[in-house]
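S.K.: Generate a structure from the sequence data that follows.
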Amino acid sequence: MTTSFDAIVVGSGISGGWAAKELCEAGLKTLVLERGRNVEHVKDYPTAMLDPWQLPYGNRATQQDLVDYPVQSTLYLFGQDVKHFLVKDVDHPYNAVKDFRWYRGYHVGGRSLLWSRHCFRWSDLDFSANQREGVGIDWPIRYKDIEPWYDHVEEFIGVSGENAGLPQLPDAKLQPPFEMNAIELHFREQLKTKFADRHLISSRHAVLSQPHKGRGACQGRNLCHRGCPYGAYFSSNSSTLPAAAATGNMTLRPHSIAHSIVTDANGRATGIRVIDAETHEKIDFSAKVLFLNASALNTTALLMNSKSPHHPNGFANSSGVLGHYLMDHQASVGATAIHSGYQDKYYKGRRSTSVYIPRFRNVSEKHTDFARGFAYEVYTGRAMWSDLAAQPGMGAEFKDGLTKPGPWTLYMEAFGECLPRHENKVSLNYDKLDKWGMPTLDIDMSYGPNEAAMRKDMQASAVEMLKAAGFENVEGFDRGGHPGEVIHEMGTARMGADPKQSVLNARNQCHDASNVFVTDGACMDSTACQNPSLTYMALTARACAFAVEHLKRGDL
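M.R.: As a prediction, this is how the structure comes out:
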């Protein structure tokens with residue numbers, strides 16, 4: 001067994017897949033470590049082509065599922081068609097000091113098989129917000145630093161959608177958008193006439209509207225969470241990992257739990273110690289450069305568990321901020337409505353993409369009650385037979401009614417920014433070990449007063465827009481935000497110019513270790529309100545180019 005490589009990547013999800021691709025294509029012999037099982041594109045999507053009646057238990061969770069998956073079963077996607085892509089909580093425990101929902105998939109590809117695929121660039125409104133408001137720590141980069149890497153990522157993964165020409169949502173390299181339906185076009189036109197600062201656009205998704213790099217266009221099935229055999233949405237499995245494998249430079253090792261970073265007598269990182277998940281054997285792998293991409297909380301747990309005389313408080317933690325400033329977006333607030341018009345209109349297929357209202361709060365004018373902003377994902381359709389199935393009725397007239405579509409429906413959910421706060425943190429619990437003898441994570445996070453103030457406007461603005469656009473039965477909702485439920489864990493190993501206040505520098509390189517990089521969500525200094533995965537990928541590609549250049553120079 002080969003144990004020495006040029007590079008090691010920990011994690012095979014969205015950012016880990018990108019690290020593997022970039023490093024392998026640069027000629028580095030690269031080991032990719034994945035703690036879970038292998039999942040091969042197409043071959044290992046067992047439910048992708050099943051009809052509803054072929055799924056057991058009506059695709060609902062069983063009583064045993066509720067025991068085995070107490071957290072994962074609360075995910076909106078959970079069912080018999082997807083539970084094999086989610087961890088059994090009983091096998092992978094964590095400790096929620098406050099209510100925190102940690103949704104995870106431990107397998108090759110990770111959550112890249114389950115993500116919602118929204119891809120938005122950040123702007124300098126986002127990258128400069130901390131500095132401008134004196135919150136957290138200033139980002140050590142600005143939009144111009146990452147702009148070419150956004151280009152690079154978008155051109156490879158394929159992103160469909162619409163550019164809006166808005167400074168707070170920079171234009172992107174896009175495939176044509178999926179067509180809006182009649183009610184979306186109505187809403188779009190109404191917003192134009194009623195609100196100068198609010199725009200409805202076709203959302204930007206890593207879902208192909210045209211064939212791209214050997215992958216097929218979306219077939220309109222809206223079964224993405226089962227794994228797409230056409231490769232229509234971007235995942236590590238369909239895209240970056242095959243690209244890395246094609247170089248002949250990648251070694252993929254599943255069932256490999258990263259235990260700690262191995263260091264030499266001077267405290268320099270020399271490799272990764274893993275626990276074989278099947279045999280429980282500990283194995284050391286060595287490399288010149290390490291990329292940590294296990295997802296924010298697992299990457300930080302690995303750094304914390306890597307203690308040595310040179311790193312007594314965890315690897316690269318001379319600042320003492322490792323584990324702090326945990327963030328997640330807030331959601332579960334917005335409005336619903338119906339529209340009785342456009343009865344002669346329908347739509348074709350089941351589009352897997354949505355429409356989107358970009359941020360409009362605190363863009364040019366400051367809101368008096370809160371900082372930062374939010375955006376809306378908007379989902380529409382027409383009521384169908386299932387909406388009437390639970391209602392009493394019988395006879396030919398009732399059955400005939402079930403065959404006719406009902407009114408147009410609209411669901412509008414806000415996604416808001418979460419400010420970085422020191423007290424939101426993770427730490428290792430050595431009193432509660434998992435089945436491999438690893439410490440579990442204590443996760444201590446809550447939303448603060450700024451998020452609470454923002455939620456009021458997130459709901460009120462949704463109601464306001466729908467009423468102004470002529471919708472009926474408009475009802476605001478706020479189900480109460482649960483940290484973790486948006487599945488955008490960020491922070492805990494933040495970037496910064498000052499080594500005394502941050503873990504990473506402007507190149508995602510550990511201040512305390514020049515050959516160790518962190519480019520997953522752990523590196524983030526703020527959350528913006530846009531989905532973060534595109535930024536993870538761009539930061540990863542950028543850091544890989546830097547690492548390869550300096551490795552060749554011999555100064556890494």
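S.K.: Can you get me the start-to-end distance on stretch 327-342?
M.R.: One end of stretch 327-342 sits 42 Å from the other (C-alpha to C-alpha, to the nearest Å).
S.K.: where exactly do the helices run in the stretch 151-300 of the chain?
M.R.: With DSSP state H, counting those that start in this stretch, the ranges of helices along the stretch 151-300 of the chain come out as 182-194, 241-246, 296-305.
S.K.: Tell me which of these sits most buried.
M.R.: helix 296-305 (a mean of 25; mean count of other C-beta atoms under 10 Å). To be clear about C-beta, it is placed using only N, CA and C from the backbone, and glycine gets the same treatment.
S.K.: Now do the helix or strand following that one: which elements does it pack against?
M.R.: Moving toward the C-terminus from helix 296-305, the next helix or strand (DSSP states H and E) is strand 333-339. Under the contact definition 3 or more C-beta pairs under 8 Å, 6 or more residues apart in numbering; DSSP states H and E, strand 333-339 sits against strand 408-416, helix 449-468, strand 472-478.
S.K.: Let's see the helix or strand where V378 lies as CSV, backbone CA atoms only.
M.R.: Here V378 sits within strand 374-382, counting by DSSP H and E. Extracted in CSV, the C-alpha atoms of strand 374-382 (Å, rounded to 0.1, in the frame of the first residue of the first chain):
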residue,chain,number,x,y,z
PHE,A,374,-31.9,38.5,2.9
ALA,A,375,-33.2,37.0,-0.4
TYR,A,376,-36.1,34.9,-1.4
GLU,A,377,-36.4,31.5,-3.1
VAL,A,378,-39.8,31.3,-4.8
TYR,A,379,-41.5,28.1,-5.8
THR,A,380,-44.7,27.9,-7.8
GLY,A,381,-47.1,25.3,-9.3
ARG,A,382,-50.8,24.4,-9.6
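S.K.: re earlier: output the helices of the stretch 151-300 of the chain in a markdown table, with distance to G134 and mean pLDDT appended to each entry.
M.R.: Listed next are the helices of the stretch 151-300 of the chain as a markdown table, based on distance: least, C-beta to C-beta, whole Å; pLDDT from 0 to 100:
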| stretch | distance to G134 | mean pLDDT |
| --- | --- | --- |
| helix 182-194 | 34 | 98 |
| helix 241-246 | 42 | 98 |
| helix 296-305 | 24 | 98 |
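S.K.: Any chance of the ones you listed in CSV with distance to M412 as columns?
M.R.: Shown next, in CSV, are the helices of the stretch 151-300 of the chain (distance: least, C-beta to C-beta, whole Å):
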stretch, distance to M412
helix 182-194, 9
helix 241-246, 36
helix 296-305, 28
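S.K.: what angle separates the strand ranked longest in the chain from helix 296-305?
M.R.: For the chain, the longest strand by residue count, based on DSSP state E, is strand 282-292. Counting by axes from the mean of the first three to the mean of the last three C-alpha atoms, to 10 degrees, strand 282-292 points 120 degrees away from the direction of helix 296-305.
S.K.: remind me which residues of this protein are low pLDDT?
M.R.: Scanning the chain for pLDDT under 70 picks out 385-390, 401.
S.K.: mind listing what the strand holding V378 pairs with, with the direction of each?
M.R.: strand 355-357 (antiparallel), strand 408-416 (antiparallel) (DSSP bridges).
S.K.: tell me the angle it makes with helix 449-468.
M.R.: Going by the same axes, to 10 degrees, strand 374-382 makes 40 degrees with helix 449-468.
S.K.: returning to that earlier point: so which of the strands paired with strand 374-382 is the most surrounded?
M.R.: Mean neighbour count (mean count of other C-beta under 10 Å) peaks for strand 355-357 among the strands paired with strand 374-382, with a mean of 25.
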